[in-house]
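Chemist: Could you look at this predicted model? Sequence included:
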Amino acid sequence: MTTAVAVPTETSRTAGTRARRRQRRRPSRHPDRPRMSVAGILAWGAGLLFFFPVLWMFTTGFKQEAEASTDPPTFLFLPTLDQYRAVLGRDFVPYLLNSLTASVLSTVLAIVLAVPAAYALSLAKIPRWRDSLFFFISTKLLPPVAMILPLYVLATNLGVLDNVTALAMIYTAMNAPLAVWMIRSFLAELPKAVLEAARVDGATWSVEIRSVILPMIAPGIAATALICFIFAWNEFFFAVSLTATQAATVPVFLVGFITGEGLFWARLSAASTMAALPVILAGWSAQRWLVRGLSLGAVK
Amino acid sequence: MKRARTWLPGLLLVSPSILLIGVFVYGMIGWNLRLALSDQHRPIQDADFVGLVNFIELWDEARWPGAVRNAVIFTVVFVGGALFMGWLLGLLLDKGIKGEATLRTIYLAPMAVSFIATGVVWRWLMNPAPADRATGLNALFVELNLDFLVNNWWTNPEFGMAAMALPAIWQLSGYIMALFLAGFRGVSEDLREAARVDGCSEWRVYLYIVMPQLRPVTLSVVIILGHMSLKVFDLIIAIAGQQIIADVPAVYMWQMVFEVRDPAVGATIASYMLIAVAAFVVPYLIWSIRKERSEGR
């Protein structure tokens, strides 16, 4: 059963919609209508507008401060790494390591918790029981402000204020519901026949999870992990509330930097670009699932 | 015994998650509520139960009504703006445009990045500095001789929060676009074709055939955006810092807890926010669970 890894990335249902979509698009409803090009121009214009802030941030980070303050911004300049050096000179690396630790640790923990939970929820026989558990888990959507004060008191009493591991625990609690929901939606798309065949062959549920289900939903788990990583990496509220000098993460550093360096656009851009790069890469490879993750499977 | 065998493994598999969420979410919410109902106005102090006094007195605080007003303006502009932009972009892409995949990536890109990281761009774009030091959009307006458009953005005491919603609209429009596009594509082509055969013009097809079928998507979008905007914190901190002009409940709460150090008032604000968000989220959850069940999964 180890060869089952070759299961296609797209589960049958999404592949079906895709194929339908493609087929519908190709004969194109109205192949040579002029209106389509108007839509195209508008869409690409909007694309440029959407892209401009990212482009500005990326390019400005490679400028000297004097060039960065010209208006309109120049896009022809001699790139320099001075700003990056300046940011790294501000002890940026410890923050980066804290962010990495908190994000990776919490992502791994969230997945380890979520896979069995999602399995149990998607295969439970009693709908009412399943729904209430599911509801319980999903209430994570409630705002973090409602939990921060007790968490702060708790962390103070336990002596884990300003501690990366404690922060990772909170991120795990924050991401686990999301991971459960996403993995559950991937499980729901598995062909039932395969599972039944495994059971007929006498597989226990642990064997079933390890050698049948896991290989089949591996791409889904990877996508879920990327999304958990993005959310943990971007998280600011808990980080700024529960950390100080030892465990502060990149967003906390950035806010301090913004306050301190107000109008040094080039330097701020360099710092922001460094903070954004990991999630832009992760987001780019998981963009299809980003949507599903945020809407908790309600919209595919 | 036989029944236990059917549900016990399942329960064991879910229980770690249940425990974690039970403690970190429900435990903390309960504790927070207890603080909100007490008179603990200093971090270390014996507290008595005072009922809803804090909830009533909060409305006499000078800052609170302003923060609520800002949150409402922000929510209206943000939800309306992102809804419209997302719908428009989805509609454009539904037409089958060259390079659709690239455009989708571009529209979605802002979503992966936090407000904190994109804050610097928007501080530059919406910099309220006077004309000689103008940057970003104000400088662009001067350049184009559109001086009447030059404005002080989020520092405007009346409607500054409307400008504050711009970065949020930019960030979420791509996501809303993806939801609407999925919705548009979900409307059967046969149905559209039938309407066309009956002599409907293309925009009438959208108005009378496609739009009515998008009501569920629109509802999810409003709920998702609404609950996000009530919680807004990062964006405000990244662009305005803790200036009172851009005060929102989350920033107010944060300052009461971590700077003024008044647990009772902080917990009260948090409780109000919890209630507001729950009003959006709980019906949404019930609705989506029901929908899933009716789809037979």
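Modeler: Structure received.
Chemist: Who are the packing partners of the host helix or strand of residue B:228?
Modeler: Using DSSP states H and E, residue B:228 falls within helix B:215-230. Packing partners of helix B:215-230 (3 or more C-beta pairs under 8 Å, 6 or more residues apart in numbering or on different chains; DSSP states H and E): helix B:63-94, helix B:160-186, helix B:263-294. (Glycine included, C-beta is placed from N, CA and C.)
Chemist: in it, what counts as buried?
Modeler: Buried residues in helix B:215-230, counted by 16 or more other C-beta atoms under 10 Å in any protein chain shown: B:217-218, B:220-230.
Chemist: Show me which of these is closest to chain A.
Modeler: residue B:220 (5.4 Å; C-beta to the nearest C-beta).
Chemist: follow-up on the earlier one: nearest to residue A:157, of the buried residues of helix B:215-230?
Modeler: residue B:230 (29.8 Å; C-beta to C-beta).
Chemist: Would you check how far apart the closest one and residue B:270 are?
Modeler: Distance, residue B:230 to residue B:270, using C-beta to C-beta, to the nearest Å: 12 Å.
Chemist: before we move on, what about residue A:98?
Modeler: 26 Å.
Chemist: follow-up on the earlier one: which neighbours do residue B:230 and residue B:270 have in common?
Modeler: By C-beta atoms under 8 Å, 6 or more residues apart in numbering or on different chains, residue B:230 and residue B:270 have these common neighbours: residue A:143.
Chemist: Grab the nearest non-local neighbour of residue B:255.
Modeler: Computed as C-beta to C-beta, 6 or more residues apart in numbering or on different chains, the closest residue to residue B:255 that is not its neighbour in sequence is residue B:242, at 6.4 Å.
Chemist: what about the residue of the stretch 101-250 of chain B found nearest chain A, neighbour count?
Modeler: The stretch 101-250 of chain B approaches chain A most closely through residue B:112 (2.6 Å), counting by C-beta to the nearest C-beta. The tally of other residues near residue B:112 (other C-beta atoms under 10 Å in any protein chain shown) stands at 26.
Chemist: so the closest residue to it other than its chain neighbours is in which element?
Modeler: Spatial nearest neighbour of residue B:112, chain neighbours left out: residue A:283 (2.6 Å); criterion: C-beta to C-beta, 6+ apart. According to DSSP H and E, residue A:283 maps onto helix A:265-285.
Chemist: thought residue A:175 was touching residue A:105?
Modeler: No - using C-beta atoms under 8 Å, residue A:175 makes no contact with residue A:105, being 11.0 Å away.
Chemist: of the two, who's got more company?
Modeler: Ranked by neighbour count (other C-beta under 10 Å), residue A:175 and residue A:105 place residue A:175 first, with 29 against 18.
Chemist: From chain B, how far out is that one?
Modeler: 11 Å (C-beta to the nearest C-beta, to the nearest Å).
Chemist: hang on, that residue is in a helix, isn't it?
Modeler: Yes - read with DSSP: H, G, I helix; E, B strand; the rest coil, residue A:175 is one of the residues of a helix.
Chemist: mind listing what the residue of chain A at minimum distance from chain B touches?
Modeler: Relative to chain B, the nearest point of chain A is residue A:283 (2.6 Å; C-beta to the nearest C-beta). Residues near residue A:283 by C-beta under 8 Å, 6+ apart: A:226, A:230, A:290, B:108, B:109, B:111, B:112, B:113.
Chemist: isn't the last one right up against residue A:279?
Modeler: The one in question is residue B:113. Yes - between residue B:113 and residue A:279 there is a contact at 5.8 Å, judged by C-beta under 8 Å.
Chemist: Which residues are in contact with each of these two?
Modeler: By C-beta under 8 Å, 6+ apart, the residues touching both residue B:113 and residue A:279 are residue A:234.
Chemist: on that earlier part again, could you check the angle the helix holding residue B:228 makes with helix B:63-94?
Modeler: Computed by axes from the mean of the first three to the mean of the last three C-alpha atoms, to 10 degrees, the angle separating helix B:215-230 from helix B:63-94 equals 140 degrees.
Chemist: Let me know the next secondary structure element after helix B:215-230.
Modeler: helix B:234-240.
Chemist: close enough to count as contact, residue B:267 and residue B:41?
Modeler: No - if you go by C-beta under 8 Å, residue B:267 and residue B:41 don't touch, sitting 10.7 Å apart.
Chemist: Show me which of the two is the more surrounded one.
Modeler: residue B:267 (29 against 15).
Chemist: any low-confidence regions in the stretch 151-297 of chain B?
Modeler: Along the stretch 151-297 of chain B, segments meeting pLDDT under 70 span B:295-297.
Chemist: same thing with the stretch 51-200 of chain A?
Modeler: A:71-72, A:123-130, A:132-141.
Chemist: got the contact list for residue B:234?
Modeler: A:236, A:237, A:251, B:114, B:115, B:116.
Chemist: With adjacent residues omitted, what lies nearest to the last one?
Modeler: Okay, so that is residue B:116. According to C-beta to C-beta, 6+ apart, the nearest residue to residue B:116 is residue A:251 (4.3 Å).
Chemist: Report pLDDT for the one you found.
Modeler: Note on residue A:251: pLDDT of 94.
Chemist: burial of it, as a residue count?
Modeler: 26.
Chemist: ditto for residue B:278
Modeler: Neighbour number of residue B:278 under other C-beta under 10 Å is 18.
Chemist: wouldn't it be in contact with residue A:142 here?
Modeler: Yes - between residue B:278 and residue A:142 there is a contact under C-beta under 8 Å: 6.3 Å.
Chemist: What are the phi and psi values at residue B:129?
Modeler: Dihedral pair for residue B:129: phi -60, psi 150, per degrees, to the nearest 10.
Chemist: if I pick it, what's in contact with it?
Modeler: Contact partners of residue B:129, counting by C-beta under 8 Å, 6+ apart, are B:135, B:138.
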